[in-house]
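# for reference, the sequence and a predicted model appear below.
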Amino acid sequence: MEDTRWKRFKLCGDYQVDMRSLYLAWSTSAGLEKWFLRKADFFTVPQRLRTADEQIAKEDTYTWYWHGYHNDVVQHGRILEANGQDFLKFSFTGDSIVSINLSTRNGLTITELEQTDIPQESDPTKNLLVQCQASWTFYLANLKSVMEGGKDLRNKRVELTSCFK
């Protein structure tokens with residue numbers, strides 16, 4: 001039987017914000033750029049660039065740029081699902097898949113992030129599960145900070161990138 005412990009993980013966060021606002025934070029360029037990315041470009045199937053506040057849709061492609069890195073560090077992928085309300089799924093690093101499921105409980109909006117199909121590495125310094133899990137933990141905390149209080153915790157200085165490697 002195959003060991004799948006290093007191929008997937010799940011993280012959850014609770015937010016004192018309405019589900020619609022949280023969904024838009026995940027599903028628009030403007031939303032993602034507030035807490036996650038320096039620049040998020042989404043393209044429709046005919047390769048039209050979506051506007052900053054336009055929601056993503058299934059089969060869109062994306063090009064993402066990170067704060068703290070030059071433009072040669074870029075993430076390309078595809079939106080696999082987006083229901084416009086509480087669920088989206090996209091391809092990510094190493095051909096893995098990230099699913100975002102939103103729900104409400106006890107007056108809070110819950111974000112459940114699951115990353116699956118993570119390729120295993122023989123070199124522990126390239127362990128994608130550990131790198132992604134640590135990064136997503138930070139970004140979910142930053143999402144909470146930005147959505148609930150307005151404070152952005154990201155490093156936005158390219159000259160400090162080496163401090164975080």
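Sure, I can see it.

# make it CA atoms for all contacts and neighbour counts henceforth
Fine.

# I56 sits in which helix or strand?
Secondary structure from DSSP states H and E places I56 outside every helix and strand.

# this protein: strands as residue ranges?
Assigned by DSSP state E, the strands in the chain fall at 9-15, 39-43, 61-65, 74-82, 87-92, 96-105, 108-116.

# as CSV, those strands with distance to S21 would be great.
Formatted as CSV, these follow (distance: least, CA to CA, whole Å):
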stretch, distance to S21
strand 9-15, 11
strand 39-43, 18
strand 61-65, 21
strand 74-82, 15
strand 87-92, 13
strand 96-105, 11
strand 108-116, 10
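
# list of residues touching the lowest-mean-pLDDT helix or strand in the chain?
The helix or strand with the lowest mean pLDDT-type score in the chain, counting by mean pLDDT, DSSP states H and E, is helix 128-149 (a mean of 94). With CA atoms under 8 Å, 6 or more residues apart in numbering as the test, helix 128-149 has contacts from 6-9, 11, 13-17, 22, 34-36, 94, 118-121, 151-154.

# of these, buried ones?
Buried members of the contacts of helix 128-149, scored by 16 or more other CA atoms under 10 Å, are 6, 8-9, 13-15, 22, 34-36, 118-119, 152, 154.

# got CSV for the strands of the chain, with mean pLDDT too?
Listed next are the strands of the chain as CSV, based on pLDDT from 0 to 100:
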stretch, mean pLDDT
strand 9-15, 97
strand 39-43, 98
strand 61-65, 98
strand 74-82, 97
strand 87-92, 98
strand 96-105, 98
strand 108-116, 98
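
# among those strands, which is nearest A52?
For A52, the closest of these is strand 39-43, at 8.3 Å, according to CA to CA.

# can I get that closest one as PDB, trimmed to CA atoms?
Taking C-alpha atoms only, strand 39-43 is exported to PDB below (Å, rounded to 0.1, in the frame of the first residue of the first chain):
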ATOM      1  CA  LYS A  39       0.200  40.400  -9.200                       C
ATOM      2  CA  ALA A  40      -2.400  38.000 -10.300                       C
ATOM      3  CA  ASP A  41      -3.400  37.700 -14.000                       C
ATOM      4  CA  PHE A  42      -6.300  35.500 -15.000                       C
ATOM      5  CA  PHE A  43      -7.100  34.700 -18.600                       C
END
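
# by contact count, what packs against it?
helix 29-35, strand 61-65 (3 or more CA pairs under 8 Å, 6 or more residues apart in numbering; DSSP states H and E).

# before I go, just wanted to say thanks for your time.
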